[in-house]
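Student: Mind folding the following:
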Amino acid sequence: MKDRYRGSYGVAVAPVYVVLLYSSMESISLEHLPAILLFGEVVEGASMVVTLYLGREEPYRGLGKIFRERLGLGDVIASVFISLAIYMIALYPITSWVAVYPFISSIASSMIISHIANRVPEYVSSDVLGFSGELCYLIFIASWVFL
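Tutor: Numbering: from 1, shown residues only. Below you'll find the predicted structure:
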């Protein structure tokens, strides 16, 4: 991003992110927390793939463009399906089918992020991907609070 103020926005939002993340983690039972944190990372990767696929290609030769050029619909479907399968197999004994709610909310948030990125900077860059991954991780962890 070429806006000199965006870094200051990140510094201002970082404490809010940390407070939301750790307060959500405090609300989850300790026996489930390690598995949820691990699978949050899995879902974060899948959500970044969705954001990249749904977003427009950036106009300059950055990492987002390089990743986008090599990404196809089959890759996205495989990423989401494999992530969901591993996630449900591992967490089904803990919470049954209710566990799909955090996964769906994270993927939906990545769709919203790509839609916003297509309107404001008009493309998805690697900065947007990083933001998407972190926000989807936070939404995934926070969603467990409501289960």
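Student: what's the distance between Glu44 and Tyr60?
Tutor: 25 Å (C-beta to C-beta, to the nearest Å). The C-beta positions use only the backbone N, C-alpha and C, and glycine is treated the same way.
Student: Look at the two and report which has more neighbours.
Tutor: With neighbours defined as other C-beta atoms under 10 Å, Glu44 and Tyr60 compare such that Glu44 has more, 21 against 9.
Student: any idea which element that one lies in?
Tutor: Per DSSP states H and E: Glu44 is located in helix 33-54.
Student: Which parts of the chain are helices?
Tutor: 6-27, 33-54, 63-69, 73-95, 100-119, 126-145 (DSSP state H).
Student: Would you format the ones you listed as CSV with mean pLDDT included?
Tutor: As requested, the helices of the chain are exported to CSV (pLDDT from 0 to 100):
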stretch, mean pLDDT
helix 6-27, 76
helix 33-54, 89
helix 63-69, 82
helix 73-95, 85
helix 100-119, 91
helix 126-145, 88
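Student: Output stretch 25-44 as PDB - backbone C-alpha positions only.
Tutor: Extracted as PDB, the C-alpha positions of stretch 25-44 are listed here (Å, rounded to 0.1, in the frame of the first residue of the first chain):
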ATOM      1  CA  MET A  25      -9.100 -17.100  24.200                       C
ATOM      2  CA  GLU A  26      -9.900 -16.600  27.900                       C
ATOM      3  CA  SER A  27     -13.500 -17.500  27.200                       C
ATOM      4  CA  ILE A  28     -12.700 -20.800  25.600                       C
ATOM      5  CA  SER A  29     -12.200 -23.900  27.800                       C
ATOM      6  CA  LEU A  30      -8.500 -24.800  28.300                       C
ATOM      7  CA  GLU A  31      -9.000 -28.400  27.100                       C
ATOM      8  CA  HIS A  32     -10.200 -27.200  23.700                       C
ATOM      9  CA  LEU A  33      -8.000 -24.200  23.300                       C
ATOM     10  CA  PRO A  34      -4.900 -25.800  21.800                       C
ATOM     11  CA  ALA A  35      -6.900 -27.600  19.100                       C
ATOM     12  CA  ILE A  36      -8.900 -24.500  18.300                       C
ATOM     13  CA  LEU A  37      -5.800 -22.300  18.000                       C
ATOM     14  CA  LEU A  38      -4.100 -24.900  15.700                       C
ATOM     15  CA  PHE A  39      -7.100 -25.100  13.400                       C
ATOM     16  CA  GLY A  40      -7.500 -21.400  13.500                       C
ATOM     17  CA  GLU A  41      -4.200 -21.300  11.600                       C
ATOM     18  CA  VAL A  42      -5.500 -23.900   9.100                       C
ATOM     19  CA  VAL A  43      -8.700 -21.900   8.500                       C
ATOM     20  CA  GLU A  44      -6.600 -18.700   8.200                       C
END
